[in-house]
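S.K.: requesting a structural model of the entry that follows:
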Amino acid sequence: MNISALLDEAAAKVPGVLPSSVLVKDYPTLRLGSPAYLLPLASFLKEKGFTYLEIITAVDWLGPVSPEGYPRGGRNPNPLQESEPPMAAPAKNPAVPYKPVFDLLWCLADIDAKARVFLRLEVPRENPVVPSLTGLFKAADWQERETFDLLGIRFEGHPNLAKILTPEFLKGHPLRKDYAHVKDKYDE
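M.R.: Residues are numbered from 1 along each chain as shown. Have a look, this model is predicted:
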């Protein structure tokens, strides 16, 4: 399989799809210009043999993690100290391109050809919505639910987009950089 030719064919067949200059672990990577291109591109790749959805994940590029997202208290890691020192907000790393977006990643694999292709899509943090791939890949079901639960990204057309990892009473999405933990009965 000639991956380079496949990527060129995908870019020609689906408008708004470009080979990405930022690769994922040196694998071929396609950048989508809009969520509207996800289903046509995934369908095209599935027809070409990429029938296995390996992973769906996302990265929040807002900035350093808020210390409010971490519950404090409980066992003191330093018993010689009477109380825990206040947690300082982390400094921004000048080498990181912070921006108010989520970077979604899908990894599709052609098991017979031992090939992988990554798809990347940036969506805004405010009202992040992308189409669901559950109609094409059964493996998308729980992975999309996990991404929804932890980051708040909604997958339009998902048959059961509900929390899967965190309890129902938990407010917010714990992997968002601006997540602030609200004390609950388990913090006592």
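S.K.: from here on, just use CA atoms for contacts and neighbour counts.
M.R.: Fine.
S.K.: any idea how far Leu23 lies from Thr29?
M.R.: 6 Å (C-alpha to C-alpha, to the nearest Å).
S.K.: so for stretch 109-118, first residue to last residue, what's the gap.
M.R.: Chord length of stretch 109-118, first to last residue, is 9 Å (C-alpha to C-alpha).
S.K.: and stretch 118-129, what's buried?
M.R.: Neighbour counts using 16 or more other C-alpha atoms under 10 Å place Phe118, Leu119, Arg120, Leu121, Glu122, Val123, Arg125, Pro128, Val129 of stretch 118-129 among the buried residues.
S.K.: in the sheet, who's paired with the fourth one?
M.R.: Same thing as Leu121. Leu32, Leu104 (DSSP bridges).
S.K.: who touches the one helix or strand in the chain whose mean pLDDT sits lowest?
M.R.: Among the helices and strands of the chain, strand 17-19 carries the lowest confidence by mean pLDDT, DSSP states H and E, at a mean of 86. Around strand 17-19, the neighbours that count as contacts under C-alpha atoms under 8 Å, 6 or more residues apart in numbering are Leu7, Asp8, Ala10, Ala11, Pro28, Thr29, Leu30, Arg31, Leu32, Gly33, Tyr37.
S.K.: selection in PyMOL covering whichever of these are buried, please.
M.R.: Selection of buried members from the contacts of strand 17-19 for PyMOL, criterion 16+ other C-alpha under 10 Å:
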select buried, resi 7+10+11+28+29+30+31+32+33+37
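S.K.: I'd like the contacts of strand 17-19 laid out as JSON lines, including pLDDT, distance to Pro67 and secondary structure.
M.R.: Below are the contacts of strand 17-19 laid out as JSON lines (pLDDT from 0 to 100; distance: C-alpha to C-alpha, whole Å; DSSP: H, G, I helix; E, B strand; the rest coil):
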{"residue": "Leu7", "pLDDT": "87", "distance to Pro67": "41", "secondary structure": "helix"}
{"residue": "Asp8", "pLDDT": "89", "distance to Pro67": "44", "secondary structure": "helix"}
{"residue": "Ala10", "pLDDT": "91", "distance to Pro67": "42", "secondary structure": "helix"}
{"residue": "Ala11", "pLDDT": "89", "distance to Pro67": "41", "secondary structure": "helix"}
{"residue": "Pro28", "pLDDT": "91", "distance to Pro67": "36", "secondary structure": "coil"}
{"residue": "Thr29", "pLDDT": "92", "distance to Pro67": "33", "secondary structure": "strand"}
{"residue": "Leu30", "pLDDT": "94", "distance to Pro67": "34", "secondary structure": "strand"}
{"residue": "Arg31", "pLDDT": "93", "distance to Pro67": "32", "secondary structure": "strand"}
{"residue": "Leu32", "pLDDT": "95", "distance to Pro67": "33", "secondary structure": "strand"}
{"residue": "Gly33", "pLDDT": "94", "distance to Pro67": "33", "secondary structure": "coil"}
{"residue": "Tyr37", "pLDDT": "97", "distance to Pro67": "36", "secondary structure": "helix"}
